[in-house]
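A.B. asks: Okay, here's the prediction I keep looking at, along with the sequence it came from:
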Amino acid sequence: MLLRDIAHSRAGDKGDISNISVIAYDINDYSMLEKHLTAERVKAHFAGVVHGEVVRYALPHLGALNFVMKQALGGGVTRSLALDAHGKSLSGAMLAMQLPDR
């Protein structure tokens, strides 16, 4: 199943840092997110895009995980030559991650 089947996301960016929150539609799916959506897996998913550290923050009462990805925007939105280096496009790419079926 795709991550987008059980969660939605919100994103922001500042400089060369992308911040993506993944929020479970159903709080009962949060444990699956917490188990399968690790900082290491997110960094591997964005190999070639995110060149810095990925830090995950758990927000269990909100059913959400927040990922802060450094060196993720090609030097920053105003400096990058990429067509769309904003965090919003990265959040869409994150939702395409494959998860095990329930």
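C.D. replies: Yes, it's here.

A.B. asks: tell me which helix or strand of the protein sits lowest on mean pLDDT?
C.D. replies: In the chain, no helix or strand scores lower on mean pLDDT, DSSP states H and E than helix 87-94, which sits at a mean of 80.

A.B. asks: which parts of that helix are buried?
C.D. replies: Gly87, Ser89, Leu90, Ser91, Met94 (16 or more other Cβ atoms under 10 Å). For glycine as for every other residue, the C-beta is placed from the backbone atoms N, C-alpha and C.

A.B. asks: For Leu59, give me its contacts.
C.D. replies: Counting by Cβ atoms under 8 Å, 6 or more residues apart in numbering, Leu59 touches Ser21, Leu65, Asn66.

A.B. asks: between those, which has the most around it?
C.D. replies: Leu65 (24 neighbours; other Cβ atoms under 10 Å).
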